[in-house]
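Q: Quick one, structure for this:
(chains A, B and C)
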Amino acid sequence: MVRVKSRYLLCEVNVSDRSRLLLLDDRAVAATVKAAVARIHGDYGAALCSIRFSVKYLNAHTGIVFLRFPKKCYRLLWSALPFITCIETRGQKISCFLNCLHVGGTMRTCQKFLIRYNTQQLHRMLPKCKNEEEKQQVQKAILNCSLTGRNKEAFEEESESEEDEEE
Amino acid sequence: MSADLERTPRNLLVSERSSFLDPKNRISSQLVQLHFNYKVCVLLPECSSAPSHLDSALNTFSSFYLIRNLPLYELLDTHFLETVRHGGVSGLSYRTRLDEDNCVALMPNGRLSLSLDKDSFELLGVEGKPSRFNHRAKSRFVVCVDLTDSSMAPGGRGHQRLVTGLTSRLPLKTDFLMSLPAGGGASVQALLSRYDWSEHRPEVISCSLTDLLCPSPLTSDPSSLTSDPSSPLTSDPHRLLEWLGAVHAAVSCENSSSSFLSSLVCPEPNKKLSHALSVSVCGLLSHQDVQKLIQEIRVYLSVSPPGPASWASVTLHGFVDSPVSWGGEHGVLRGGDNFLSLTMFPDQSYLLHLAGGAQDTCPP
Amino acid sequence: MRRADKKDEPAVYQRVVLKNASPYHYLKVCLVVEDDSTRLSAVELKQFIITGLNSLYGEVGAALTFDLLKYDEDTLTALLRVYSRGLVKLWSSLTLLGSYQNQACAFRVLQVSPYLLALTGNSRELQLD
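A: A predicted model of the protein is given here:
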């Protein structure tokens, strides 16, 4: 069996004003990435970016994006991501930058990483809680994800079981 | 994908240091293995005009013939074969491109080498080998015949087969460059009279250079180049070859690193030479003449007073479209360059660089 | 980039074989423009090649360093030097350069070699007529 290999980049969209994250949609993110690649790597990069590139998942609340690139050229395309300074959506410009958290061979490994990462973030939030109610909420959330191993966010399931982390 | 973009075809550079006095030096056999010499460039530093004996060696390169539309079976003619058997006849098809056309080469030792595309090879019907540089699909074939062999004597089986192949099945015609041994002109008169031919003298261009920047090891201590392997010019021969190339191509080396156009500089440390003489001879050159020239330069170096720049460089370019080079098959993938560069010093030591392209065997 | 064969005898004889070690590649190119009277200066030609690199390989490609060693304004022939790893990028963008100031144009790559010396003796230039 041969399968077409991809690399999934788990990126975090960093904005100054978190409420504006809700304006994001996957088409806007894809268009921004394509434009950045075309600017940095020209027609050659744009051509590479036109095959099998897609935004697989976008969480507008946490600003988490999964980008799928062909494995052959993901390094080249990745190198264009730091040049993204704003995403244009619904006629508005959201200035932001992308922070790549993880590179995985399947959606599944990225999902596992994301759960671990979110748990970590919750742990870091815990001491910063201002009142008891908040604290309890965070504790509950931590319990939630460590018990079921499922992120509380609805997750688009990709049935890819094999792990493929080799370079 | 980005790794593929950075890859270039293979190239080989052999760099040798040795001495003419070393009994094991192979310089003359290495010179011969270039087979077809197109151009020889000489660079003499601190010299404004060549001394008379050197000048005569440069101007007495033997002339060569160009025969237009020569049918190849004429090379198997009885009289011509007689001339070939005496040795020293060499010839090469002219204005044929090795990567597109059928090419022919006749070597001084009497071997005839044909590089043919697949259709022509199958039409000819003579035993041959697929070219070493075929990729998967065999599209080019090499037929190699020894004209001095007994089976190639007129009437022999091999001879007949090749003649019928070249007359009836594959009537190949090509413009042919030919150089003959001294006094061999008469023996081919009969062949020449049947075709449109012309005789050409190798073209000599001499150019006097002034204020030439030269890498210091060459000016101050040339012997360090052959005795000390860690000298920068010896350990990285590409720098020396680049500088020599810049001199011969008349490219300015006086650039600053911030220049927009070019940042080519002469290897550091460097020194200015007040005079230099660059002479080039161009045509189908015979090995005897080249050897004679090198001999004369050795004499010139040994008699000239050891001045600030006592060395000389000779560059010998081979024909790009010759089917043979460096004793093996030659191909043109991208450049087809085959040349050698010889830097000589008064103590009879020398530096020799032999270069081969992507489709060459390793130089000897 | 490796030395394949090294033989050092007690005498002065030494032989080193260098494989793919050339740091640079050299190209001899000629620009053909629809209108024969078009003239470019050396700076304009280099700028034109950089625009080609920019459109095919973007800003990263435009940052590729190459040198214009020699340029003949009458024949629009130039000698270029580029780091070996940039050869394919430069060559492909030259190929895809198709118009200069709204005129059709093309680059003819006459010779490519890892040695500058090889560009001074190209037997395909032999003219005997």
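Q: element containing residue 61, please.
A: By default, I'm working from chain A. Assessed by DSSP states H and E, residue A:61 sits outside every helix and strand.
Q: meant chain C actually
A: helix C:42-62.
Q: I'd like to know which elements that helix is packed against.
A: helix A:26-50, strand C:66-72, strand C:77-83, helix C:87-96 (3 or more Cβ pairs under 8 Å, 6 or more residues apart in numbering or on different chains; DSSP states H and E). Bear in mind the C-beta positions are built from the backbone N, C-alpha and C, glycine included.
Q: list the buried ones in that helix?
A: For helix C:42-62, a neighbour-count test (16 or more other Cβ atoms under 10 Å in any protein chain shown) marks C:42, C:45-46, C:48-50, C:52-58, C:60-62 as buried.
Q: helix/strand/coil for residue B:298?
A: Secondary structure assignment for residue B:298 (DSSP: H, G, I helix; E, B strand; the rest coil): helix.
Q: Next up, the contacts around residue B:45.
A: Contacts for residue B:45 were tallied using Cβ atoms under 8 Å, 6 or more residues apart in numbering or on different chains; they are B:212, B:214, B:218, B:219, B:273, B:275, B:276, B:309, B:311, B:312.
Q: Generate a ChimeraX selection restricted to the buried subset of the residues you listed.
A: What follows is the ChimeraX syntax selecting those of those that are buried according to 16+ other Cβ under 10 Å:
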select /B:212,214,218,219,273,275,276,309,311,312
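Q: From the contacts of residue B:45, which shows the smallest pLDDT?
A: Looking at these by pLDDT, the weakest one is residue B:309, with 61.
Q: Figure out how far the longest strand seen in chain B is from the centre of its chain.
A: Ranked by number of residues, the top strand in chain B under DSSP state E is strand B:270-285. For strand B:270-285, the distance from its own C-alpha centre to the chain's C-alpha centre is 17 Å (Cα atoms, centre = their mean, to the nearest Å).
Q: and what of stretch B:230-247?
A: Worked out by Cα atoms, centre = their mean, stretch B:230-247 lies 20 Å from the chain centre.
Q: And for stretch C:67-86?
A: Here stretch C:67-86 is found 5 Å from its chain centre; the criterion is Cα atoms, centre = their mean.
Q: ditto for stretch B:155-175
A: That offset, for stretch B:155-175, works out to 29 Å (Cα atoms, centre = their mean).
Q: Next, the distance between the ends of that stretch.
A: 26 Å (Cα to Cα, to the nearest Å).
Q: and it, average pLDDT?
A: 91.
Q: What residues sit buried inside it?
A: For stretch B:155-175, by 16+ other Cβ under 10 Å, it's B:158, B:159, B:161, B:162, B:163, B:165, B:166, B:170, B:172, B:174, B:175.
Q: Of those, just say which sits nearest to chain C.
A: Nearest to chain C among the buried residues of stretch B:155-175 is residue B:175, at 8.8 Å by Cβ to the nearest Cβ.
Q: Tell me the bridge partners for the residue nearest the centre of chain C.
A: Compute the mean C-alpha point of chain C, and by Cα atoms, centre = their mean the closest residue is residue C:27, 2.2 Å away. Under the criterion DSSP bridges, residue C:27 forms beta bridges with residue C:80, residue C:112.
Q: looking at it, it is touching residue C:82, isn't it?
A: Yes. Applying Cβ atoms under 8 Å, one finds residue C:27 in contact with residue C:82, separated by 7.1 Å.
Q: what's the overlap in contacts for the two?
A: Joint contacts of residue C:27 and residue C:82 (Cβ under 8 Å, 6+ apart) are residue C:90.
Q: since we're on the residue in chain A that chain B sits nearest to, how many residues are nearby?
A: Of all residues in chain A, residue A:73 sits closest to chain B, at 4.2 Å by Cβ to the nearest Cβ. By the measure other Cβ atoms under 10 Å in any protein chain shown, the count of residues near residue A:73 is 22.
Q: what do you get for the one 10 residues further on?
A: With neighbours defined by other Cβ under 10 Å, the count for residue A:83 comes to 15.
Q: which residues sit in contact with it?
A: Neighbouring residues of residue A:83 by Cβ under 8 Å, 6+ apart: A:36, A:39, A:40.
Q: I'd like the residues you listed as a markdown table, with pLDDT appended.
A: Shown next, in a markdown table, are these (pLDDT from 0 to 100):
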| residue | pLDDT |
| --- | --- |
| A:36 | 95 |
| A:39 | 95 |
| A:40 | 95 |
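Q: out of those residues, which touch chain C?
A: With respect to chain C, and counting by Cβ under 8 Å from any Cβ of the partner chain, the subset of the contacts of residue A:83 in contact is A:39, A:40.
Q: Out of the contacts of residue A:83, the closest to residue B:119 would be?
A: residue A:40 (47.4 Å; Cβ to Cβ).
Q: got the contact list for that closest one?
A: Contacts of residue A:40 (Cβ under 8 Å, 6+ apart): A:79, A:80, A:83, C:58, C:59, C:60.
Q: returning to that earlier point: among the contacts of residue B:45, name the ones in strands.
A: Among the contacts of residue B:45, DSSP E puts B:212, B:214, B:273, B:275, B:276, B:312 in strands.
Q: check those against chain A, which are close?
A: Among the ones in strands among the contacts of residue B:45, proximity to chain A is found for none (Cβ under 8 Å from any Cβ).
Q: for the residues you listed, which one is nearest residue B:12?
A: Nearest to residue B:12 among these, with distances taken as Cβ to Cβ, is residue B:312, at 25.1 Å.
Q: so that closest one makes contact with residue B:343?
A: Yes. With contacts counted by Cβ under 8 Å, residue B:312 reaches residue B:343, the gap being 7.5 Å.
Q: Where does pLDDT dip in the stretch 151-300 of chain B?
A: Within the stretch 151-300 of chain B, the stretches with pLDDT under 70 are B:220-224, B:226-227, B:229.
Q: How about it: which residue is closest to chain C?
A: residue B:245 (2.9 Å).
Q: ok, and the closest non-adjacent residue to that residue?
A: Computed as Cβ to Cβ, 6 or more residues apart in numbering or on different chains, the closest residue to residue B:245 that is not its neighbour in sequence is residue C:116, at 2.9 Å.
Q: ok, that neighbour to residue B:218 distance?
A: Separation of residue C:116 from residue B:218 (Cβ to Cβ, to the nearest Å): 17 Å.
Q: ditto for residue A:3
A: 60 Å.
Q: The nearest residue to residue B:213 once chain neighbours are set aside and residue B:272, how far apart?
A: In space, residue B:213 comes closest to residue B:266 once its chain neighbours are excluded; the distance is 4.1 Å by Cβ to Cβ, 6+ apart. As for residue B:266, its distance to residue B:272 is 10 Å (criterion: Cβ to Cβ).
Q: Look at the two and report which has more neighbours.
A: Remark: of residue B:266 and residue B:272, residue B:266 carries more neighbours, 22 against 11, as counted by other Cβ under 10 Å.
Q: Show the contacting residues for the more buried one.
A: B:213, B:214, B:215, B:243, B:246, B:253, B:254.
Q: would you say residue B:41 is within a strand?
A: Yes. Counting by three-state DSSP, residue B:41 falls inside a strand.
Q: most centrally placed residue in chain A?
A: Mean-position check on chain A, Cα atoms, centre = their mean. Result residue A:65 at 2.4 Å.
Q: quick one: which of the buried residues of stretch B:155-175 sit in helices?
A: Within the buried residues of stretch B:155-175, residues falling in helices by DSSP state H are B:158, B:159, B:161, B:162, B:163.
Q: With distance to residue B:70 added, can I get the residues you listed in a markdown table?
A: Listed next are those as a markdown table, based on distance: Cβ to Cβ, whole Å:
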| residue | distance to residue B:70 |
| --- | --- |
| B:158 | 21 |
| B:159 | 18 |
| B:161 | 20 |
| B:162 | 15 |
| B:163 | 15 |
